[in-house]
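Peer 1: my questions concern the predicted model and sequence given below.
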Amino acid sequence: MNFGYSSNINGSNEFKENYRIYPISYLPNTVSDEKKQLLNNSGKIILPPSALTKLSFLEISYPMLFEIQSNISFNSTNVGVLEFISEEGRVYAPDWIIEQLKSPVTSTVSIKSISLPKANFVKLEPQSVDFLEIENPKVVLENCLRNYSCLKLDDIIQINYNNKFFKIKITDLKPDPKGSCIIETDLVTDFDPPKGYVEPDYKKEQEKIQKIEAIGEKDPTIESMTKRVYIPTLTNDNSLKPTATGVKLNGKKVSNNQILDDKPIVTHEQLKKLTSETEIKPLILEDGVLFFGFPYIAPKNGDSKDDDDSKDQNNSANFVGQGQKLKRNNKRKIGKVSPTGVKGGLSQEEEGRKSPKT
């Protein structure tokens, strides 16, 4: 088993090495968290600088594609390479690749260079119905697939959108399902329904709409949002009627017939007994009908005697007596005594002043 630079060339331009696999989160602190997150949602690995030296010696052409296989589970997938900055003997891979390989951390994996055809069609299956919440999934996937170099059938890749992770399964891939390159190619994408998605029954929805429309056609006087509901009388026991007489505000007495108007009155004890013996059922209305309370019925003219009493009260004189003004009249009148005790008219001095000289 080889680690690092040494490998078996076997007279061919094939790169093949064994490394210990580590997740992206194990990268040194010199790598930013933003870059780690970008790498973890991609299909590329980090190799040591010695791998770049050997790839240059073997004249491996761009794009550099590799097959990574676990030496424990023997599961494999196809990946690309982003940088050559890892420690010697180590390879850093995204979490979804480690899950796909079913390879424990620090276990050995075999990496060899491969050449793949250009992909022209891929079908994807989201692994969660939450994927339907994305407004334009096709554009989102096209942007996310730029972080991948190649795909393989039945692989479950991972994408990040709005800080939320989605897993996508490759259900169809052309021209080669075992692996196809998606770099610098025109790729047609298609979608399968998300895993766990249940197609709605459009026939039942249509029948429900027709039923609601039919309710409005039965009675044109009943609007679509209202319905008149009548509740039966609780009891008709005449022994519960009171014997006292009532008095109006104007002092007139009211007979029992006017008070009750043949309406039953139920006591608290009788109501408890009635509810305990009677099964209380919910108010079930038809589809599309809401209950906003009982309808208001305006009283007809002449039905109530209170109208006649109010007319009599309005006609009677409510106030009697003479009124006085707050402003006093200051005009002097002849023949009346002034407030000073002098009769009205001019005094002798005033007459002497105003009389003409003779």
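Peer 2: Ah, there it is.

Peer 1: which residues touch residue 19?
Peer 2: Neighbouring residues of residue 19 by C-beta atoms under 8 Å, 6 or more residues apart in numbering: 3, 47-48, 89-91, 108-109, 111. To be clear about C-beta, it is placed using only N, CA and C from the backbone, and glycine gets the same treatment.

Peer 1: model confidence at it, what's the number?
Peer 2: Predicted confidence (pLDDT) for residue 19: 95.

Peer 1: pretty sure it sits in a helix.
Peer 2: No. Per DSSP: H, G, I helix; E, B strand; the rest coil, residue 19 lies outside any helix segment and is strand.

Peer 1: surely residue 120 is in contact with residue 176?
Peer 2: No. Counting by C-beta atoms under 8 Å, residue 120 stays clear of residue 176, with 10.4 Å between them.

Peer 1: which of the three states applies to residue 31?
Peer 2: coil.

Peer 1: same question for residue 211.
Peer 2: The local conformation at residue 211, judged by three-state DSSP, is helix.

Peer 1: any idea how far residue 283 is from it?
Peer 2: As judged by C-beta to C-beta, to the nearest Å, residue 211 and residue 283 stand 19 Å apart.

Peer 1: which one of these two has more residues nearby?
Peer 2: With neighbours defined as other C-beta atoms under 10 Å, residue 211 and residue 283 compare such that residue 211 has more, 12 against 7.

Peer 1: identify the residues contacting the more buried one.
Peer 2: Residue 211 neighbours (C-beta under 8 Å, 6+ apart): residue 287.

Peer 1: let's see it at 10 Å
Peer 2: Residue 211 sits next to 286-288 when contact means C-beta atoms under 10 Å, 6 or more residues apart in numbering.

Peer 1: compare these and tell me which is most surrounded.
Peer 2: Counting neighbours by other C-beta under 10 Å, residue 288 leads the contacts of residue 211 with 16 neighbours.

Peer 1: how much space separates it from residue 211?
Peer 2: Residue 288 sits 8 Å away from residue 211, taking C-beta to C-beta as the criterion.

Peer 1: residue 33: how many residues sit nearby?
Peer 2: So residue 33, with other C-beta under 10 Å, has 10 neighbours.

Peer 1: which residues of this protein fall in strands?
Peer 2: For the chain, the strands defined by DSSP state E cover 16-23, 44-46, 65-70, 76-83, 90-93, 108-114, 121-126, 150-151, 156-161, 164-174, 180-181, 188-191, 246-247, 253-254.

Peer 1: any idea how far apart the tips of stretch 177-189 sit?
Peer 2: Distance across stretch 177-189, first residue to last, is 14 Å (C-alpha to C-alpha, to the nearest Å).

Peer 1: so for it, what gets flagged as buried?
Peer 2: Within stretch 177-189, the residues that qualify as buried by neighbour count (16 or more other C-beta atoms under 10 Å) are 179-183, 187.
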